[in-house]
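S.K.: Okay, predicted coordinates and the sequence, questions at the end:
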Amino acid sequence: MRFGLFGGAQAPRTDSDPGRGFHEYIETCVEAERLGFYSTFLVEHHFSGVGQVSAPLDLLSWVAARTTSIRVGTAVLVLPWHDPVVLAERAATLDLLSHGRLDFGVGKGYRHSEFAGFCMPTEEADARFDESLAVILRAWSSDAPFSHEGRFWHYHEIAVEPPTCQKPHPPVWIAAGKPESVRSVAALGANLLLDQFASTEAIGERIALFEAECEARGRAFDPLEVAVARNLYVARDAADASAALVRQASIHDRMIERSRGPDGSRRSHIMAYADEAGATEAHALFGPPQEIVAGLHALHTVGVRYVLINATRPSMQRFAAEVMPAFAQDNSAFAQDN
C-alpha cells in the first residue's frame, strides 16, 4: 500500500506567532518524506475563525522547496471561488518549481459559511466547478491563444503561462462519494478522492463502481488513482484511543456547524453523518498499532491501495515506525497473501 498525508495547518489571528503552525506543517512534511510517505495533500478553507489554510498552493510551494521527492497535493482547491486562468497559472508555477510533483485536487465546496462569505449562491457551485475545470484543462493544453465566453468567466485571445511540467498536465483528483459523482470522475479521466468518514464496505463499493466506469470507457483502471482518506491516531491503549475519539468528535461538530446552511440544508458530505452520534468517528483508524494494521488490511481487501492519513505528527511518526513496515513489499505474510 502507498501512504500519504491529508490535512491542514492553522495560523490563528490570536496567536502571538500566527505563522508557527504553517512552519510546523512544513517541518512535518520534511520528516514525512524522510519516513517514506509518498505525498501530502492540503485543504483549502476560508473564514473558519481558527486560521485554517486559505492559500494551499503558497504553503505547498514552501514544502516543495524543502523536499525532493514527496508529492504536493491539494485536497481540495475549491474551483468556484477562483479565477480559473489565474489558478491554472499558479498551479503550473508550483508544478514547474517542484519538478512535476503537483497533484491537483479540486472540488465544488460545501461549507455554507464560505459560500456566504464570498456572497456566492451554493446553487451555482456545480456549474462554476464544471466551467472552471474546463478552462483550466484547456489553459494547460493549449499552446495557441484561445478565447472563452462562458456563464461565469470570459477571456479573449489568451495564451496561459507558464506551461506545466507534467504532461499533458498534473494529475487531477476529484472528491466524490455519490454514485453519479463517481461516474463523472471516471468520465473526466480524473483520479478519485474518497472521504475519511465512509465505511470500509462503502469504500469498496465506490472503488468497484469507479473501476467499472473506467473500463466501460476504455480507460485502464489503476487502483493507485484512487486515494482514501482516514483519520488516524496511534494510541497507547484503548483508553487513549477513546479519549482521542472524543477530541475528534469535537472537531467534527465544529465542521458540521460551519457546513450547515441557515435552513438546515445539507450540501456537505459530512452532513450525511450529522444526525448519528459517533458516525464521523466510526471508521477512523484510532487504536494501538495492531488494530490499525487490521483496519488497513480490511481496506486492502476491498481494493484500497492508497491511503491518506490525517494524523498528528507523533501519530505519523509511530505509524511510520510501527504500521508501515507491515505493508512493505519485502515484509510479512500480508504482502505475500495479497
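M.R.: Happy to help now that I have it.
S.K.: Could you name the helices and strands sitting against the helix or strand where Ile26 lies?
M.R.: Ile26 belongs to helix 20-35 when assigned by DSSP states H and E. Packing partners of helix 20-35 (3 or more Cβ pairs under 8 Å, 6 or more residues apart in numbering; DSSP states H and E): strand 2-7, strand 39-42, helix 56-66, helix 313-322. In this view, the C-beta of every residue, glycine as well, is placed from N, C-alpha and C.
S.K.: mind redoing it with 7 Å?
M.R.: Under the contact criterion of 3 or more Cβ pairs under 7 Å, 6 or more residues apart in numbering; DSSP states H and E, helix 20-35 touches helix 56-66, helix 313-322.
S.K.: Just the residues contacting it, thanks.
M.R.: Contacts of helix 20-35 with the rest of the structure, by Cβ atoms under 7 Å, 6 or more residues apart in numbering, involve 5, 9-11, 40, 51, 59, 62-63, 66-67, 69-70, 313, 316, 320.
S.K.: Of all the helices and strands packed on helix 20-35, which one is nearest Ile158?
M.R.: helix 56-66 (20.1 Å; Cβ to Cβ).
S.K.: looking just at contacts, which helices and strands does that closest one meet?
M.R.: helix 20-35, strand 39-42, strand 71-74, helix 84-97.
S.K.: Would you mark the buried spots in that helix?
M.R.: 56-57, 59-61, 63-64 (16 or more other Cβ atoms under 10 Å).
S.K.: Which of those residues lies at the shortest distance from Glu180?
M.R.: Using Cβ to Cβ, the shortest approach to Glu180 within the buried residues of helix 56-66 belongs to Pro56, at 27.1 Å.
S.K.: so what's that closest one up against?
M.R.: Taking Cβ under 7 Å, 6+ apart as the test, what Pro56 contacts is 42-44, 74, 77.
S.K.: For these, could you give me JSON lines that also reports distance to Ala294?
M.R.: Below are these laid out as JSON lines (distance: Cβ to Cβ, whole Å):
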{"residue": "Leu42", "distance to Ala294": "29"}
{"residue": "Val43", "distance to Ala294": "28"}
{"residue": "Glu44", "distance to Ala294": "33"}
{"residue": "Thr74", "distance to Ala294": "31"}
{"residue": "Leu77", "distance to Ala294": "34"}
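S.K.: circling back: tabulate the helices and strands packed on helix 56-66 in CSV, adding columns for mean pLDDT and mean neighbour count.
M.R.: Shown next, in CSV, are the helices and strands packed on helix 56-66 (pLDDT from 0 to 100; neighbours: other Cβ atoms under 10 Å):
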stretch, mean pLDDT, mean neighbour count
helix 20-35, 98, 17
strand 39-42, 98, 24
strand 71-74, 98, 25
helix 84-97, 98, 20
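S.K.: Tell me the residue in this structure that is farthest from the middle.
M.R.: Glu157 (33.3 Å; Cα atoms, centre = their mean).
S.K.: A strand includes that one, no?
M.R.: Yes - per DSSP: H, G, I helix; E, B strand; the rest coil, Glu157 lies within a strand segment.
S.K.: which non-adjacent residue is nearest it?
M.R.: Spatial nearest neighbour of Glu157, chain neighbours left out: Pro145 (4.5 Å); criterion: Cβ to Cβ, 6 or more residues apart in numbering.
S.K.: What of Thr200?
M.R.: Ala298 (5.0 Å).
S.K.: Report how many residues lie close to that neighbour.
M.R.: 16 (other Cβ atoms under 10 Å).
S.K.: same deal with Ala208?
M.R.: Counted with other Cβ under 10 Å, residues neighbouring Ala208 total 13.
S.K.: Just list what the helix or strand that contains it packs against, helices and strands only.
M.R.: For Ala208, the host element (DSSP H and E) is helix 200-216. When contacts are defined as 3+ Cβ pairs under 7 Å, 6+ apart, helix 200-216 sits against helix 179-188, strand 191-194, strand 226-234, helix 289-301.
S.K.: what's Ser39 in contact with, if anything?
M.R.: Per Cβ under 7 Å, 6+ apart, neighbours of Ser39: 4, 70-71, 73, 103.
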